[in-house]
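> Following is a predicted model, sequence given first.
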Amino acid sequence: MQTKIEKIDSSSALAVKIIEGQTSQTLDFLSFREKLSYANISHPEKKKEWATARFAIYDALKALKVPYPGFFKDEHGKSQSMNSQGYVSLTHTPGYAAAIFHREQPVGIDMDLIREKILKIGFRFLDTSEVDFLEKDPTHYTMAWSAKESIFKCQGKRGVSFRENILLEPFEIDALKIKGKIRGTDFADHHYTVEVRRLENVILTYTIW
Ligand SMILES: CC(C)(COP(=O)(O)OP(=O)(O)OC[C@H]1O[C@@H](n2cnc3c(N)ncnc32)[C@H](O)[C@@H]1OP(=O)(O)O)[C@@H](O)C(=O)NCCC(=O)NCCS
């Protein structure tokens with residue numbers, strides 16, 4: 001399985017994997033609870049995406065020499081480490097899965113296919129100030145969407161609206177960083193810097209608290 005590992009610093013690493021039909025990796029490292037979750041996914045493609053995201057986190061942890069602790073989902077759907085040490089975030093999109101781990105700080109990661117149809121749903125996730133600076137281009141819109149997903153996942157709580165509570169500063173279509181903040185919630189005034197990567201027709205973003 002093709003993997004790209006990026007060791008961000010001594011505390012954090014991310015891994016991106018191409019989802020393939022066959023792999024020699026096994027899921028033996030999963031906790032009992034995770035094996036049950038995996039067994040309960042009936043859709044074959046979703047099953048592959050779920051598994052590949054777990055291979056990705058396994059590889060990111062290996063790069064940091066951290067043993068796989070097992071993860072469970074909290075009441076908001078965010079994965080938490082079973083030994084309460086470190087922070088994880090996972091993402092999958094058709095063709096790819098990725099994961100990021102940080103020893104001390106919350107993280108968020110997201111990947112999205114660049115699709116024309118995102119231009120039609122901008123009104124659902126963009127503030128008017130963001131519509132003003134974004135080019136009517138699916139790549140630029142996908143970068144904004146993905147940055148908001150990463151910020152959302154980093155903070156982790158349901159009920160944060162992309163349009164009303166996450167505001168991005170203007171950025172160019174070739175930007176490698178996007179700045180944004182959460183406003184109007186308990187987490188108001190927290191500022192994030194989101195890293196941006198482009199892999200063929202996919203935008204990958206991640207942020208560290
Ligand atoms: C839950 C949500 C973050 C998932 O993102 P997605 O782009 O659909 O899917 P991804 O593959 O990138 O991410 C899925 C992973 O997110 C993680 N996740 C789910 N809820 C989460 C939360 N509250 N916080 C952090 N991570 C979360 C899970 O690990 C999940 O992977 P898993 O099911 O394999 O464990 C997203 O769908 C969502 O609900 N966003 C907020 C709602 C919203 O405002 N939407 C836009 C309105 S226009």
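Nice, thanks for sending it over. Numbers count the residues shown, from 1 in each chain.
> Kindly state the pLDDT recorded for Ser146?
As predicted, Ser146 sits at a pLDDT of 98.
> Ok, Glu200 next?
At Glu200, pLDDT is 88.
> Kindly report the same for Lys157.
pLDDT, Lys157: 88.
> What about it, how many residues nearby?
15 (other CB atoms under 10 Å). All C-beta spots, glycine's among them, are computed from the backbone N, C-alpha and C.
> how about the nearest residue to it, chain neighbours excluded?
Excluding the flanking residues, the one nearest Lys157 by CB to CB, 6 or more residues apart in numbering is His76, at 5.4 Å.
> so that neighbour makes contact with Val160?
No. Counting by CB atoms under 8 Å, His76 stays clear of Val160, with 9.8 Å between them.
> of all of the chain, which residue lies closest to the ligand?
In the chain, no residue comes nearer to the ligand than Gly77, which is 2.8 Å away by CB to the nearest ligand atom.
> quick one: contacts for that residue?
Arg158 (CB atoms under 8 Å, 6 or more residues apart in numbering).
> phi, psi of it?
Dihedral pair for Gly77: phi 100, psi 0, per degrees, to the nearest 10.
> That one and Lys65, how far apart?
According to CB to CB, to the nearest Å, Gly77 and Lys65 sit 28 Å apart.
> give me the low-pLDDT residue ranges for this protein?
Along the chain, segments meeting pLDDT under 70 span 1, 22, 187-188.
> That one against the ligand: which residues are in contact?
50, 53, 76-79, 89-92, 110, 124-125, 149, 152-153, 156, 158, 161-162 (CB under 6 Å from any ligand atom).
> and the helix ranked longest in the chain, what other elements does it pack with?
Looking across the chain with DSSP state H, the single longest helix is helix 44-63. Contacts defined by 3 or more CB pairs under 8 Å, 6 or more residues apart in numbering; DSSP states H and E place helix 44-63 against strand 3-9, strand 12-18, helix 32-39, strand 87-93, strand 96-102.
> tilt between that helix and strand 3-9?
Between helix 44-63 and strand 3-9, the angle comes out at 40 degrees (axes from the mean of the first three to the mean of the last three CA atoms, to 10 degrees).
> do you know how far Gly70 is from Phe29?
Taking CB to CB, one finds Gly70 at 9 Å from Phe29.
> how's this structure carved up into domains?
3-104, 111-208 (automatic domain parsing).
> Ends of the first one, what's the gap?
To tie it back to what came earlier, the one meant is domain 3-104. One end of domain 3-104 to the other measures 24 Å (CA to CA, to the nearest Å).
> chain center to that domain, what's the gap?
11 Å (CA atoms, centre = their mean, to the nearest Å).
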